[in-house]
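> Sharing a model that was predicted from the sequence below.
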Amino acid sequence: MVEIYRSKYYSLQQAVRERAFYLDLGQKTIRMSLCQLLSLRHKVMSISLESHFDCDLNKHGFEVLLLCNKEHLFILNTMEVIDLKNLVEHGFVALGLSVATEAVEV
Amino acid sequence: MKDIARQSMSIKVESMDLLNGQIKMEAHASATYLAMASWCEQNGFFTSAKFFFKQAEEEREHMMKIFNFLVDTGGSPISPEVTNINHDYSSIVDVFENTLEHEVKVTKSIHNIVKKARELGDIATERFLDWFVMEQVEEENTIRDILDMIAVTGTEGVGLQMIDNQVANWIE
Ligand SMILES: [Fe+2]
Ligand SMILES: [Fe+2]
């Protein structure tokens, strides 16, 4: 298992022999294919952080994340969402699939 | 270190995001042309209606071309949400003027993705878009020709009906 990126709360690992990725989300670690990782990226990037600072849009500042075809459910607070966005951005750069240079440091 | 990811996907995720945006745009164009076809049917421009039904189909084909490219490259294509389709036009001239405006917007969007893909060094995406760049030249030209024909024919008297009849020349 090779670590690809570690953020404040989470980490993304790669298991070369299994051709799979492992995402450690603290509460549990989930195994993912690249497709599932792309789907996670889409979900995480679609979360509007602005809504977390607007009581009308997101009263409690929580985000529900359903992953891997509804196999896993996570509830994240604002800081965790920011951290996960950070992990996704840097993770894809580390994987060589993204060349984003303006990734936000948190 | 990078192998599994790179072996599973042959384009950059930034390109994928832009192409998913383009999928949405083509779907929106398809729905817009369908709305125009509906307007033409309701206002007695039956040949123009046929023209827009065909355009709607073509835009959907464009969408599927990009969708399949994302499948082929190991990306994750997103089925688009289409909202905000305008059904109100003041005249048949208004319909075609809006069409040209819409096509120019699509052209700009495609050029933008080509430039970004070039910056990213994503040659596959850049090459893939060659076809779209040329297709846009053709589409813009078609609509410009129709607008020229409208200007020459004029909208007085039987002009409007003559315009509709001549649109047949642009339906292959
Ligand atoms: Fe198109
Ligand atoms: Fe078009």
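Happy to help now that I have it. Ligands and ions are numbered 1, 2, ... in the order given.

> low-scoring stretches of chain B, by residue?
Flagging of chain B using pLDDT under 70 yields the residue ranges B:1-2.

> Let's see that with 80 instead.
B:1-3 (pLDDT under 80).

> repeat for chain A
For chain A, residues meeting the criterion pLDDT under 80 lie at A:100-106.

> top helix in it by residue count?
helix A:78-94 (DSSP state H).

> would you put the C-alpha positions of it in CSV?
Provided in CSV are the C-alpha atoms of helix A:78-94 (Å, rounded to 0.1, in the frame of the first residue of the first chain):
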residue,chain,number,x,y,z
THR,A,78,-17.7,22.2,7.3
MET,A,79,-14.1,21.6,8.3
GLU,A,80,-14.2,18.0,7.1
VAL,A,81,-15.7,19.0,3.8
ILE,A,82,-12.9,21.5,3.2
ASP,A,83,-10.4,18.9,4.1
LEU,A,84,-11.9,16.3,1.8
LYS,A,85,-12.0,18.8,-1.0
ASN,A,86,-8.3,19.4,-0.3
LEU,A,87,-7.6,15.7,-0.3
VAL,A,88,-9.4,15.2,-3.6
GLU,A,89,-7.6,18.0,-5.4
HIS,A,90,-4.1,17.1,-4.2
GLY,A,91,-4.8,13.4,-4.6
PHE,A,92,-5.6,13.7,-8.3
VAL,A,93,-2.5,15.8,-8.8
ALA,A,94,-0.4,13.1,-7.1
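
> Give me the contact list for it.
Contact with helix A:78-94 is made by A:4-12, A:40-41, A:44-45, A:47, A:49, A:52, A:61, A:63, A:76, A:98-100, A:103-106, B:13, as judged by CB atoms under 8 Å, 6 or more residues apart in numbering or on different chains. From N, CA and C alone the C-beta is placed, and that goes for glycine too.

> where exactly do the strands run in chain A?
A:2-6, A:11-15, A:20-24, A:29-32, A:62-67, A:72-77 (DSSP state E).

> can I get those in CSV with distance to B:Arg118?
As requested, those are exported to CSV (distance: least, CB to CB, whole Å):
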stretch, distance to B:Arg118
strand A:2-6, 27
strand A:11-15, 29
strand A:20-24, 29
strand A:29-32, 31
strand A:62-67, 34
strand A:72-77, 36
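
> Columns mean neighbour count on top of these, output as CSV?
Rendered in CSV, the data for these read as follows (neighbours: other CB atoms under 10 Å in any protein chain shown):
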stretch, mean neighbour count
strand A:2-6, 16
strand A:11-15, 19
strand A:20-24, 19
strand A:29-32, 15
strand A:62-67, 15
strand A:72-77, 14
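
> any idea of the angle the longest helix of chain A forms with strand A:20-24?
If you take axes from the mean of the first three to the mean of the last three CA atoms, to 10 degrees, helix A:78-94 sits at 150 degrees to strand A:20-24.
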